[in-house]
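In: Just to be clear, the model below is a prediction. Sequence and coordinates:
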Amino acid sequence: MPPFFNQITILAPGLLGASLGQAVAAEQLTQRTVVWARRPETRLECEEQPWCAATCSDPGEAVQAADLVVLCMPVAQIVPTLERIAPHLAAGTLVTDVGSTKSLICRQAEHLMPPGCHFIGSHPMAGSERTGMANAQVDLFVERPCFVTPLPESDPQAVETVVRFWKALHMKLTTLSPAKHDEIVAAISHLPHLVATAICLALREGDPDWARLAGNGLRDTTRVAAGSPTLWRAICEQNREEVLRALQGFEKSLQQVRSALENRDYPQLEHLLDLGKQYRQTLDGPSAPR
C-alpha cells in the first residue's frame, strides 16, 4: 500500500520539484501539496498548477504543517535550506531530498534535525540537462533508478516510508549508505559529465565551423555537457574524492586505447572497442532506465 500524506511540501519547484508535484497528484499520495519558491514569478506559476494547493514566500512557513518535505534545490543549497526550515518542522516530520551527492548532505542533515523529525537522503536518477518548471513531466520518475541513503542511526520506519514513497512513483529503488552512493554515481553520472565536458573543451580548440558538420554521435556523446556549470561545480566539490578516483580509472582506460593505437596494435584496439560495445549494450537491457 503506498504511503499517504496530509501535506507534502516541495521546496524549489524546478524540473524535479515540479515533476514531483505532478506525479504525487497523479498517484494521489497527498491531500495537498504546498510549494516554496524563491522567485515570486515561480510562485505565481505554481499557483496556476492543479497539483499545487498553496505557495509560500518563506520556506519555514511552507513546512509548518507538512508530513513530508522534499528539498529539490541544487546540492549546494540543500543544507543551508535545511538550516532555515529546521526550527519550523513539527514533530514527526519526514524530510528527504533529491541531491546527486549524499555523504556530506546526510551527515550535516542528521545534526540539524530537531527531536522527533527524520532526514533520509534520496537521489532519484531522473534529471536532465534541461531545467525549470517548463520541462516538468508527470512520468519523469517512472522506471528510473532511485537511491535511498540512510545512515546507520536512521529511524527504520522513516527509511521504509521514504522507500515506499519513491516506489509509489514507480521508481526502481536501491538502498545503500551515502558513501557507497557517492562512489557509484561518481562513476555512472559525474564521470560521464566531465568526460563530455572535456570532449567539448578539446573540440572548441579546433575550427568553429566543425560544429555545424557534427552528426548525432557527437550530440549524443556530449548531451550532458549542456547542464548547469554552477550546479555541476557544486556536485564535484561535494564528491571530489570519488570523482577523482573515477577520473583515474577513466585515464587508465584512455591510455589503453592510446597505447594500442600508438603501437599499431590493431587487434588490441579492436578488442578494446569490442569490450566497450559489450558494456554499452548492457545499458539497453531489459532493466535499463529510459
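Out: Nice, I can see it.
In: in what helix or strand does residue 99 lie?
Out: Assigned by DSSP states H and E, residue 99 falls within no helix or strand.
In: pLDDT at it, what is it?
Out: pLDDT for residue 99: 96.
In: Ignoring the adjacent residues along the chain, who's closest to it?
Out: Nearest-residue entry for residue 99: residue 75, 4.3 Å, with adjacent residues in sequence omitted and distances by CB to CB, 6 or more residues apart in numbering. Yep, even glycine has a C-beta here, placed from its N, CA and C like the rest.
In: From residue 109, how far out is that neighbour?
Out: Residue 75 sits 12 Å away from residue 109, going by CB to CB, to the nearest Å.
In: do the same with residue 89
Out: In terms of CB to CB, residue 89 sits 12 Å off from residue 109.
In: for residue 123, same thing?
Out: Applying CB to CB to residue 123 and residue 109 gives a distance of 13 Å.
In: now residue 239
Out: 16 Å.
In: The residue nearest to residue 36 when sequence neighbours are not counted: what's it in contact with?
Out: For residue 36, ignoring the flanking residues on the chain, the nearest one in space by CB to CB, 6+ apart is residue 62 at 3.8 Å. Counting by CB atoms under 8 Å, 6 or more residues apart in numbering, residue 62 makes contact with 9, 11, 34, 35, 36, 55, 56, 85.
In: if we go to 10 Å?
Out: 7, 9-11, 34-37, 54-56, 69, 85, 88 (CB atoms under 10 Å, 6 or more residues apart in numbering).
In: still on that earlier bit, return every residue with contacts to both of residue 75 and residue 109.
Out: Contacts common to residue 75 and residue 109, judged by CB under 10 Å, 6+ apart, are 97, 102.
In: one step back: quick one, grab the pLDDT at the residue nearest to residue 99.
Out: Reported pLDDT for residue 75: 96.
In: now it: how far from residue 26?
Out: Residue 75 is 27 Å from residue 26, where distance means CB to CB.
In: neighbour count winner among the two?
Out: Neighbour comparison, residue 75 and residue 26: the larger count goes to residue 75, with 23 against 12 (by other CB atoms under 10 Å).
In: where do the strands sit along the stretch 151-290 of the chain?
Out: 172-175 (DSSP state E, counting those that start in this stretch).
In: Touching, residue 146 and residue 164? I think so.
Out: No. Counting by CB atoms under 10 Å, residue 146 does not reach residue 164; the two are 11.7 Å apart.
In: where does the stretch 151-290 of the chain dip in pLDDT?
Out: 285-290 (pLDDT under 70).
In: now the helices for it?
Out: 156-168, 178-185, 191-203, 216-222, 229-238, 240-262, 266-282 (DSSP state H, counting those that start in this stretch).
In: residues in contact with the spatially most central residue of the chain?
Out: Geometric centre of the chain, nearest residue: residue 100, 4.2 Å, by CA atoms, centre = their mean. Each residue near residue 100 by CB under 10 Å, 6+ apart is listed here: 74-75, 123-125, 127, 147, 181-182, 185, 189-190, 193, 231-232, 234-235, 238-239.
In: Could you rerun that using 8 Å?
Out: 75, 123, 127, 185, 189, 190, 235 are the contacts of residue 100 under CB under 8 Å, 6+ apart.
In: Now the residue lying closest to residue 49 once chain neighbours are set aside: which helix or strand?
Out: Among residues not flanking residue 49 along the chain, residue 21 sits closest, at 6.8 Å (CB to CB, 6+ apart). In the assignment (DSSP H and E), residue 21 maps to helix 15-26.
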